[in-house]
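Asks: Okay, sequence plus prediction incoming.
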Amino acid sequence: MERLGETEQFKQRNMELEGFDRITVGGFTQVPNVIQNDPALNLGEKAVYAQFLQYAWHHDYCFPSQELIAKNLGITRKSVNKFVSGLAAKGLLTIQRRGLGKTNFYILHATVKQKPRS
């Protein structure tokens, strides 16, 4: 196969990353392609899923409040709550309520979990 010259390669690209190294100062979040490409998930659900991953990726736990996620995404807490509920309804998040005044415990799933039927 003939190798394209640098000019030819540049013409074929539609994006360039500048100033990024392998591990950037601010870190990065890997979002599974199955999440990114799932048309059943809306943009807000994908963004909230990515936020959970951002906080939990290296530690297997996280404590981001819905207020913090809302601030990071530039949306309201009510919207975050709606997207969290959507992820739970679609089997990508399990919410364990701990009781009045306590934080919820979230389990983020890499695969869809079937909800038990009542």
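Replies: Arrived safely, thanks for sending.
Asks: For burial, what's the neighbour tally of residue 50?
Replies: Neighbourhood size, residue 50 [other CB atoms under 10 Å]: 18. (C-beta placed from N, C-alpha, C; glycine too.)
Asks: That one contacts residue 29, doesn't it?
Replies: Yes: using CB atoms under 8 Å, residue 50 is in contact with residue 29, at 5.6 Å.
Asks: And the helices in this protein, which stretches?
Replies: Secondary structure of the chain (DSSP state H): helices at 6-12, 33-36, 43-56, 66-73, 77-89.
Asks: Of those, which stretch is the most buried?
Replies: Ranked by average neighbour count under the criterion mean count of other CB atoms under 10 Å, these are headed by helix 43-56 at a mean of 19.
Asks: can the helices of the chain go into TSV with extra columns for mean pLDDT and distance to residue 103?
Replies: Rendered in TSV, the data for the helices of the chain read as follows (pLDDT from 0 to 100; distance: least, CB to CB, whole Å):
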stretch	mean pLDDT	distance to residue 103
helix 6-12	57	49
helix 33-36	90	24
helix 43-56	92	13
helix 66-73	94	10
helix 77-89	96	13
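Asks: and those helices as TSV, adding distance to residue 96?
Replies: Converted to TSV, the helices of the chain look like this (distance: least, CB to CB, whole Å):
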stretch	distance to residue 96
helix 6-12	49
helix 33-36	21
helix 43-56	14
helix 66-73	15
helix 77-89	11
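Asks: Residue 111 is nearest to which of these?
Replies: Across the helices of the chain, residue 111 has its closest neighbour in helix 33-36 (8.6 Å, CB to CB).
Asks: Could you name the helices and strands sitting against the closest one?
Replies: Packing partners of helix 33-36 (3 or more CB pairs under 8 Å, 6 or more residues apart in numbering; DSSP states H and E): helix 43-56.
Asks: okay, the helix it packs on in CSV with CA atoms only?
Replies: Coordinates of the C-alpha atoms in helix 43-56 are reproduced here as CSV (Å, rounded to 0.1, in the frame of the first residue of the first chain):
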residue,chain,number,x,y,z
LEU,A,43,-26.7,13.2,25.9
GLY,A,44,-27.3,14.1,29.6
GLU,A,45,-27.2,10.4,30.7
LYS,A,46,-24.0,9.9,28.8
ALA,A,47,-22.5,13.0,30.5
VAL,A,48,-23.5,11.9,34.0
TYR,A,49,-22.2,8.4,33.4
ALA,A,50,-18.9,9.9,32.3
GLN,A,51,-18.9,12.1,35.5
PHE,A,52,-19.4,9.0,37.7
LEU,A,53,-16.5,7.3,35.8
GLN,A,54,-14.3,10.4,36.2
TYR,A,55,-14.7,10.2,40.0
ALA,A,56,-14.6,6.4,40.4
